[in-house]
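>>> Kindly return the folded structure for what I paste below:
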Amino acid sequence: MCLRFGITVDTICQQLSAETELVKTATDDSLPYRRVKRARAALMYELTGAGNVAEMIGCAASTVRKWYHRYRKHGISGLNDLPRSGRPKVFSARFRLELVAIVCQKSPEAYLPGVTHWSIRDLVMMLPRLLNLKSISAETVRKILNEHHLNLHSRNFIPMIPKNPCN
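From the prediction side, this is the model:
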């Protein structure tokens, strides 16, 4: 791979010890793109400095310095993506399993006379009463069911409702 200014990754790798893990990561195109890019940046930083590397790979010099210092501090694992915070789940794992249990083990007729199959709309209407909720959106119910590979509208969806719940 030829970079700007006529410098190639191969040239840099030849100048450094070919046995280092950083060199292996920087030249292994089967690894995730971001890890390879970070390894190349850390490798080139040692030879040319952050400004030149940033210009060559198309990112900020502060980013190159961050990757280099993470590599120096943590080794090759410092180039992996860090966990992202994201929004925490609103509903607990226990709640999610209770929802799945209701769908798979209880017939909707027990709650809604004349209804033979659950629908998202029926669940949204019944869950606040069944599980002491203020409210829940149809999209949240759909996502929870999808996490457990449940599709209410599939022709193959047959909930496991026991014939005699006392046994």
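>>> Now do the helices in this structure.
Along the chain, counting by DSSP state H, helices occupy 9-15, 21-27, 33-48, 50-57, 61-74, 93-105, 120-130, 138-147.
>>> Could you work out which of these reaches nearest to residue 111?
Set against residue 111 and scored by C-beta to C-beta, the helices of the chain come closest in helix 120-130, at 5.3 Å. Heads up, the C-betas are built off the backbone N, CA and C, glycines and all.
>>> residues in contact with that closest one?
Residues from elsewhere that reach helix 120-130, judged by C-beta atoms under 8 Å, 6 or more residues apart in numbering: 99, 102-103, 108, 111-112, 115, 133-138, 141-142, 145, 152.
>>> thinking again about what came up before, tell me which of the helices of the chain lies nearest to residue 84.
The minimum distance between residue 84 and those falls on helix 33-48, with 13.1 Å, by C-beta to C-beta.
>>> So what are the structural domains in the chain, by residue number?
Split into domains by automatic domain parsing, the chain comes to 4-79, 87-167.
>>> quick one, which of the helices of the chain is nearest to residue 81?
helix 33-48 (6.6 Å).
>>> CA atoms only: put that closest one into PDB for me.
Only the C-alpha atoms of helix 33-48 are listed here, as PDB (Å, rounded to 0.1, in the frame of the first residue of the first chain):
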ATOM      1  CA  TYR A  33      -9.900  -2.300   9.100                       C
ATOM      2  CA  ARG A  34      -9.800   0.100  12.100                       C
ATOM      3  CA  ARG A  35      -7.300  -2.100  14.000                       C
ATOM      4  CA  VAL A  36      -5.000  -2.300  11.000                       C
ATOM      5  CA  LYS A  37      -5.300   1.500  10.400                       C
ATOM      6  CA  ARG A  38      -4.400   2.200  14.000                       C
ATOM      7  CA  ALA A  39      -1.500  -0.200  13.900                       C
ATOM      8  CA  ARG A  40      -0.200   1.500  10.800                       C
ATOM      9  CA  ALA A  41      -0.600   4.900  12.400                       C
ATOM     10  CA  ALA A  42       1.300   3.800  15.500                       C
ATOM     11  CA  LEU A  43       4.000   2.200  13.400                       C
ATOM     12  CA  MET A  44       4.500   5.200  11.200                       C
ATOM     13  CA  TYR A  45       4.400   7.600  14.200                       C
ATOM     14  CA  GLU A  46       7.700   6.200  15.500                       C
ATOM     15  CA  LEU A  47       9.300   7.100  12.200                       C
ATOM     16  CA  THR A  48       7.700  10.400  11.000                       C
END
